[in-house]
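Chemist: Give me a 3D structure for the following:
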Amino acid sequence: MLASATFPALVFLILRHGTPESPRWLANKGRMEEARAVVARVFGEGVKLASFESAAGDRVSAGVLFRSGYGGRIFFISVFWTCSIIPLFAIYAFAPRILDALGLVGTMANFGSAAITVLFLLRTLVFVLLINRLGRRKVILHSLLWSGLALLGLGLFPQSSPTVTMILFAGYALFIGGTQILQWVYPNELFPTEVRGTAVGLASSLSRIGAAAGTYLVPLSLTELGIGATMLIAAGITLVGFLVSLRMAPETRGLALEEAASL
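Modeler: Now for the predicted structure:
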């Protein structure tokens, strides 16, 4: 089941063949002619984007990043990213065991896990279409809120009927998709070119530490605390991400990259 993700990854790898390099990144490295060539290729001859013409600069350290005033955005991105993927990684990795603990035993647990895997793929397609229509802020808030409430339902009513359990589990799998799409879009919009690589890399690294710890602790939690408490903890983590996003998430839809990345 985990290996099945290689197929869509291979498809996207083929589709991305020939994708031009970011002109802002090229300009940041002082490769202005290549940057202008990419702009001409994508937007047409005679089109100029003056915003990247002065983008050349040195690599930025993490210390400089925080002193520049972007520490708050680093905190926001790290929290929303971590709070969305700790439950996701853990639930996806242990879905059959979790479903079994919730009352879907044996073959039903395996079929339920397979169905949820399909939903993980479908939700990606849904939110790809929604992020530009609803905006980043609405997508992240709705994604974390409704997925957190679905986990809360599983935690409060762990002995529900198999039908209710699957509905709540499917609801989580569907709604958490918003944060997964935003992880590839949102962080890159919130930082200028000269600090983007450092900022997004740092936030990604912090989130992976949390995801690894969460995945390791799930089987221990199931054994020591039980399925209800485990789902409540997952709900709490997700809803913390919602509260932080409610307070800190900016809207970047329709903004030029310079506007979205400015403080």
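
Chemist: mind listing what's buried in stretch 239-247?
Modeler: Buried residues in stretch 239-247, defined by neighbour count with 16 or more other CB atoms under 10 Å: 239-242, 244-245. Just so you know, the C-beta spots here come from the backbone N, C-alpha and C atoms, and that holds for glycine as well.

Chemist: Residues contacting that stretch, please?
Modeler: Stretch 239-247 has contacts (CB atoms under 8 Å, 6 or more residues apart in numbering) with 76, 79-80, 82-84, 137, 140-141, 144-145, 148, 152, 179.

Chemist: May I have that stretch as CSV, with CA atoms only?
Modeler: Provided in CSV are the C-alpha atoms of stretch 239-247 (Å, rounded to 0.1, in the frame of the first residue of the first chain):
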residue,chain,number,x,y,z
LEU,A,239,-7.0,21.6,16.0
VAL,A,240,-3.9,23.3,17.4
GLY,A,241,-2.9,23.7,13.7
PHE,A,242,-6.3,25.2,13.0
LEU,A,243,-6.1,27.7,15.9
VAL,A,244,-2.6,28.9,14.9
SER,A,245,-3.7,29.2,11.3
LEU,A,246,-6.8,31.1,12.3
ARG,A,247,-4.5,33.6,14.1
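
Chemist: how far is that stretch from where the chain is centred?
Modeler: Its chain's C-alpha centre and that of stretch 239-247 lie 14 Å apart, by CA atoms, centre = their mean, to the nearest Å.

Chemist: Please work out the average pLDDT along that stretch.
Modeler: Confidence over stretch 239-247 (mean pLDDT, whole number) is 94.

Chemist: Could you do stretch 81-101 as well?
Modeler: Mean predicted lDDT for stretch 81-101 stands at 80.

Chemist: for the stretch 1-150 of the chain, what are the low-confidence residue spans?
Modeler: Counting by pLDDT under 70, the low-confidence segments of the stretch 1-150 of the chain come to 1-2, 48-68, 106, 109.
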